[in-house]
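> Provided below are the primary sequence and the corresponding predicted coordinates.
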Amino acid sequence: MSAAATEGPLVVGVDTSTQSTKALVVDASTGRVVASGQAPHTVSSGAGRESDPRQWWDALCAALDQCGDLAREAAAVSVGGQQHGLVTLDARGEPVRPALLWNDVRSAPQGRRLVEELGGSKWWAERTGSVPAASFTVTKWAWLAEHEPESVRATAAVRLPHDYLTERLTGQGTTDRGDASGTGWWSSGTEAYDEEILGHVGLDPALLPRVVRPGEVAGTVRDAHDLPFAKGTLVAPGTGDNAAAALGLGLLPGAPVLSLGTSGAVYAVSTRRSADPTGTVAGFADARGDWLPLACTLNCTLAVDRVAALLGLDREAVEPGTSVTLLPYLDGERTPALPHASGLLHGLRHDTTAGQLLQAAYDGAVHALLGALDLVLDEDADRSTPLLLIGGGARGTAWQQTVRRLSGRPVQVPEAKELVALGAAAQAAALLTGEDPAAVARRWDTARGPVLEAVERDDTTLTRISGVLSDAAPLLAREPGGN
């Protein structure tokens, strides 16, 4: 297909996630995806979760190469990316070390220490909108300063994953309010970097990227022979993956989203700034000027798939009618805040089947997300509004039915795929049209999809899981090697 066969200018939306980078070439007039590409990158195993940022760039170039000439004809591009990751660059712009990713929980002790040293949970929530858990970038910087001071000394720039790719395109260090709000060093009250927090962790604000305003051009593609876009192509601010997906859905305030990916997330756009001192809800900014209160779990589709593999079952081979409880906290957990936890199985009997065990894993993964849903939504939000189910797990029947049964709400599954990349594309298109990017996505009708009617909520299962979690909390909170 050529650009002449499309109705409007072409834009590119990018999703650089934990496991891969995807690129969509989209007709800005209609929202039609005219080309796409995807390439993987690797994540270390073991105690930490790290990736070489140069792999993200190579994957982006490979994904765009799959899109053919249409990518080079794009008038604008935007990058959505995995949040929180700490990218440290030297004076030449090369990574000092692999990036510490959002699901690296080694910095949990530093997170607890920062909360204690700087005024407690309420202080952090009011200051930054969130209480820093192990996923937040500020804890990772504190961990690096403690364990690899030589890496800190070699660092000339600190970036987030989407910032890194945007800077490779433009040559300028920029970020946006949505992704900056997940660092722990950006103040949601003043919408600026917090110099007291930065001073406390020994991070010079000069090392940080400029926060580009919503709708502002972050830069243009620079003149270099190895870039996958034409020189002068407009580059939008980009944003974090959840904020990009919110744009991709064209979310209006009050519409709840449950995202089923490697991690799980519940969020909604709000016109009110959130500050939850319990740390359950992160008071993120969105990419438009509103707010995106969000609760996140570390264990979602990957953990349930692992349980299915251990049982030798297809991921859809669930069976009902069980009283067994499985908390699939295979990577530690963020919601609830149990960074040292492992998976826990309770209630196993002679007649328990493998399919029932698998259903229990689904129930355990969904339980924490739904428990945070009411905290995410504003008090006046309409509880009958369909729950938008997105992410890699959203098309799975077992996921759909588990969410439906445990939420008691209608569930809508948008037909559009790759919502993070679509949201980034809407952000790029908005640069050309002057529209609100969420309005662009609504014009594209990206949330269109079947609605599953509400069923009676399974309060028995919810209560049972909550009881096991409460009773097992001291065991789950125990640090490795502890008594």
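Everything's here; your move.

> any idea how far G408 is from V455?
7 Å (CB to CB, to the nearest Å). Just so you know, the C-beta spots here come from the backbone N, C-alpha and C atoms, and that holds for glycine as well.

> list the buried ones in stretch 56-71?
Residues of stretch 56-71 classed as buried by neighbour count (16 or more other CB atoms under 10 Å): W56, W57, A59, L60, C61, A62, A63, L64, C67, L70, A71.

> residues in contact with that stretch?
For stretch 56-71, the surrounding residues in contact (CB atoms under 8 Å, 6 or more residues apart in numbering) are 1-3, 10, 12, 14, 16, 20-23, 25, 34-41, 161, 164-165, 168, 228-229.

> let's go with 7 Å and repeat that
1, 3, 10, 12, 14, 16, 20-23, 25, 34-41, 161, 164-165, 168, 228-229 (CB atoms under 7 Å, 6 or more residues apart in numbering).

> make a PyMOL selection of the buried ones in those.
Those of the contacts of stretch 56-71 that count as buried under 16+ other CB under 10 Å are selected in PyMOL with:
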select buried, resi 3+10+12+14+16+21+22+23+25+34+35+36+37+38+39+41+161+164+165+168+228+229
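
> and for G46, the neighbour number?
G46 has 6 neighbours, counted by other CB atoms under 10 Å.

> doesn't G283 fall inside a helix?
No: applying DSSP: H, G, I helix; E, B strand; the rest coil, one finds G283 to be strand, outside a helix.

> that one contacts S270, doesn't it?
No: the pair G283 / S270 is not scored as a contact, 9.1 Å apart, by CB atoms under 7 Å.

> A430 touches V440, doesn't it?
Yes: between A430 and V440 there is a contact at 5.4 Å, judged by CB under 7 Å.

> what about the residue located most distally from the centre of the chain, which SS state?
Distance from the centre of the chain peaks at H350, with 39.6 Å (CA atoms, centre = their mean). Here H350 is recorded as coil under three-state DSSP.

> now it: how far from V324?
Distance, H350 to V324, by CB to CB: 12 Å.

> what mean pLDDT does stretch 251-258 get?
Stretch 251-258 shows an average pLDDT of 92 in the prediction.

> now do it: everything it contacts.
Here stretch 251-258 has contacts from 249, 266-271, 290, 369, 373, 376-378, 381-382, 385, 387-390, 403, 438, using CB under 7 Å, 6+ apart.

> one more time with 8 Å, if that's ok
With CB under 8 Å, 6+ apart, stretch 251-258 has contacts from 245-246, 249, 264-271, 290, 369-370, 373, 376-378, 380-382, 385, 387-390, 403, 438.

> for that stretch, buried residues please.
Buried residues in stretch 251-258, counted by 16+ other CB under 10 Å: L251, G254, A255, P256, V257, L258.

> check contacts around L298.
Per CB under 8 Å, 6+ apart, neighbours of L298: N103, V105, S135, S263, Y329, D331, G332, E333, R334.

> farthest pair in the buried residues of stretch 56-71?
Greatest spacing in those, by CB to CB: W56 and L70 (21.6 Å).

> show me where pLDDT drops low in the stretch 151-300 of the chain?
Residue ranges of the stretch 151-300 of the chain with pLDDT under 70: 225.

> hey, where'd the helices end up in it?
Ranges of helices within the stretch 151-300 of the chain are 161-170, 177-180, 195-201, 241-249, based on DSSP state H, counting those that start in this stretch.

> same deal with the stretch 1-150 of the chain?
In the stretch 1-150 of the chain, the helices defined using DSSP H, counting those that start in this stretch lie at 53-67, 69-72, 108-117, 120-128, 137-147, 149-154.

> tell me which of the ones you listed sits most buried.
Highest mean neighbour count of the helices of the stretch 1-150 of the chain: helix 137-147, a mean of 23 (counted as mean count of other CB atoms under 10 Å).

> what angle sits between that helix and helix 120-128?
Here helix 137-147 runs at an angle of 120 degrees relative to helix 120-128 (axes from the mean of the first three to the mean of the last three CA atoms, to 10 degrees).

> any idea how far helix 137-147 is from the chain center?
In terms of CA atoms, centre = their mean, to the nearest Å, the centre of helix 137-147 is found 20 Å from the chain centre.

> repeat that for stretch 30-48.
13 Å.

> may I have it as CSV, with CA atoms only?
Written as CSV, here are the backbone C-alpha positions of stretch 30-48 (Å, rounded to 0.1, in the frame of the first residue of the first chain):
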residue,chain,number,x,y,z
THR,A,30,-9.4,7.1,9.8
GLY,A,31,-7.3,5.3,12.4
ARG,A,32,-6.8,2.4,10.0
VAL,A,33,-3.6,0.5,10.6
VAL,A,34,-1.9,0.3,7.2
ALA,A,35,1.4,-1.5,8.3
SER,A,36,2.8,-3.0,11.5
GLY,A,37,5.9,-4.7,12.8
GLN,A,38,7.2,-6.2,16.0
ALA,A,39,10.6,-7.4,17.3
PRO,A,40,11.6,-9.0,20.6
HIS,A,41,14.1,-8.0,23.3
THR,A,42,15.4,-10.0,26.2
VAL,A,43,15.0,-9.5,30.0
SER,A,44,17.5,-11.0,32.5
SER,A,45,16.3,-13.7,34.9
GLY,A,46,17.2,-14.2,38.5
ALA,A,47,17.1,-11.6,41.3
GLY,A,48,17.0,-8.6,38.9
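
> which residues sit in contact with T21?
T21 makes contact with V14, D15, Q38, A39, H41, W56, A59, L60, A62, A63, according to CB under 8 Å, 6+ apart.

> bridged to the first one, which residues?
In this structure, V14 has the following beta-bridge partners (DSSP bridges): A23, V79.

> isn't it right up against A424?
Yes: counting by CB atoms under 8 Å, V14 does reach A424; the two are 5.6 Å apart.

> for A381, give me its contacts.
G254, P256, A268.

> next one: it from P98, what distance?
Separation of A381 from P98 (CB to CB): 40 Å.

> cool, and A282?
Using CB to CB, A282 is found at 25 Å from P98.

> now swap in V307 and tell me
28 Å.
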